[in-house]
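Student: The following comprises the amino acid sequence and a computationally predicted model.
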Amino acid sequence: MAQMKFPSKWRSWVMATLYSARASVLVNGSPTREFDCSRGLRQGDPLSPFLFVIVMEALTCVMKKVVSIDLFKCIDITARGPLSSHLIYANVMFMVNLAKCSIYGIRVREHEVQQMVSHLRCKQAPIKVLDALDKIRRVFFWGGSEEKAKMNWVAWEKTIAPVEYGGLGFGSIRDANLAMLAKWWWRFKTEKNSLWRRVIWAIHHNTRAWNDIPVKISIAGLWKSIISIRQFLLNADIDLRCAICASLVNGKNIQFWLDSWADPVPLYIKFSDLFKEERFKDYLVEDRLGFDESGPVFSWAWARPSLGDSEHVQLQQLEQMVSGLNMGSGRDCWTWKYDSNGIFNVAGIKKILSMANRVSPARVFEWNNWIPKKVAIVAWRAEMERLPTKCVRIEGCYDCACLYKLNI
């Protein structure tokens, strides 16, 4: 901390927390005498992650030094991809040394290291897993157990439906899974310089078939699973490829051809013939476009010295489209199409998915926050004639007298 120019007073505060920590052990429910913690902070101390970041910053500098003098060899993702010497997450660190074909874990159990060797995977949850989780929720809600399930008086799809569609608003686990995976589409577009994004681009990008969000079908793994959710979201009228648009300011974080900025459709799709003639297809807006007193100034780099007729037509259309835009000194910003504020949020996608393919009922149960939830749910079931009362079971009718049999 001294080398990182932290003031001495602040360092003394930190050291005081390290040396003054005391703890006791509960034996048969009674605490023992307190003793000093000789291993630093107590488990769960909120200061711990901050100190970890400081230590990892110093260790990262050391790793960069040993890599520069060839004592440690990095992972080479692809021939033109980024290099990685170590991975840090929370209070765990992995170091990979390809020179010795080894992987080491710091504060990591052996089986966790082996899992890292087998590649970390974050896929769309399988249907069987989602069904099993839904079954646990359903059994718990109706008061059953693993040994004995109870009668489900209302269909589960009706129960988890939004309140405005006559349900309880629990939401679907499948919808939550899709919404959280959709966030990776947003992050891929907006975090251009992040390490994980550069790794994905290096692995899945194909120079013969350009795509703004690339994926190689032949490569199994987490990214292929994330990309596959687009088809599921299309059923709810959510098109992830057209959902993320950039607002041009300085053009330093927007790819000229691959991002949606001048038009909802990326320029590499809208002007496909012209895109084929581009030499540097991943250039930013600032590399291709500038402004002076007379208006926009373009800087093109074509693969051929002269363009064909179709390319000339598309070039005129492109320049006319961009001529009405301006650039400033701020930062480019990104907009999410399916939110009124333009900000991506998982809850918003979950809400859209929960309402997809549902029909609004003619009459919706009105909830009252003053009434206890248990009582309100009984009334909700009673309105649908879904109570285990004698008149419902035998006659299939409902009247107010049935409520008195419930003793509520």
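Tutor: Thanks, I have it.
Student: which stretches of the protein form strands?
Tutor: Taking DSSP state E as the test, the strands found in the chain are 22-23, 26-27, 30-31, 35-36, 75-76, 83-84, 86-89, 92-97, 102-106, 244-247, 289-292, 295-298, 333-336.
Student: and the fourth one, which strands flank it?
Tutor: Each strand that pairs with strand 35-36, with its direction, by DSSP bridges: strand 22-23 (antiparallel).
Student: next one: the strand it pairs with to chain centre, how far?
Tutor: Here strand 22-23 is found 39 Å from its chain centre; the criterion is CA atoms, centre = their mean, to the nearest Å.
Student: Equivalent analysis for stretch 326-346, please.
Tutor: Averaging C-alpha positions (CA atoms, centre = their mean) puts stretch 326-346 17 Å from its chain's average.
Student: average pLDDT across that stretch?
Tutor: Stretch 326-346 shows a mean pLDDT of 89 in the predicted model.
Student: Put the alpha carbons of that stretch into CSV.
Tutor: Coordinates of each C-alpha in stretch 326-346 appear next as CSV, following Å, rounded to 0.1, in the frame of the first residue of the first chain:
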residue,chain,number,x,y,z
ASN,A,326,-23.0,15.3,-35.8
MET,A,327,-20.1,14.3,-33.6
GLY,A,328,-19.1,15.8,-30.2
SER,A,329,-16.5,15.5,-27.5
GLY,A,330,-18.4,13.3,-25.1
ARG,A,331,-18.7,9.5,-25.0
ASP,A,332,-20.8,7.3,-27.1
CYS,A,333,-23.8,5.8,-25.4
TRP,A,334,-25.9,2.7,-26.0
THR,A,335,-29.7,2.4,-26.0
TRP,A,336,-31.9,-0.7,-25.3
LYS,A,337,-34.9,-0.7,-27.6
TYR,A,338,-37.3,-2.4,-25.2
ASP,A,339,-37.1,0.1,-22.3
SER,A,340,-38.6,3.6,-22.2
ASN,A,341,-35.4,4.9,-20.6
GLY,A,342,-33.1,3.1,-23.0
ILE,A,343,-31.4,1.2,-20.3
PHE,A,344,-31.0,-2.6,-20.3
ASN,A,345,-32.4,-4.4,-17.3
VAL,A,346,-33.1,-8.1,-16.8
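Student: Go ahead and name everything in contact with that stretch.
Tutor: With CB atoms under 8 Å, 6 or more residues apart in numbering as the test, stretch 326-346 has contacts from 176, 179-180, 182-183, 186, 189-190, 238, 242-254, 285-286, 289-291, 348-349, 352. All C-beta atoms are positioned from the backbone trio N, CA, C, and that covers glycine.
Student: Next, the buried residues of stretch 61-76.
Tutor: Within stretch 61-76, the residues scored as buried using 16 or more other CB atoms under 10 Å are 63, 72-75.
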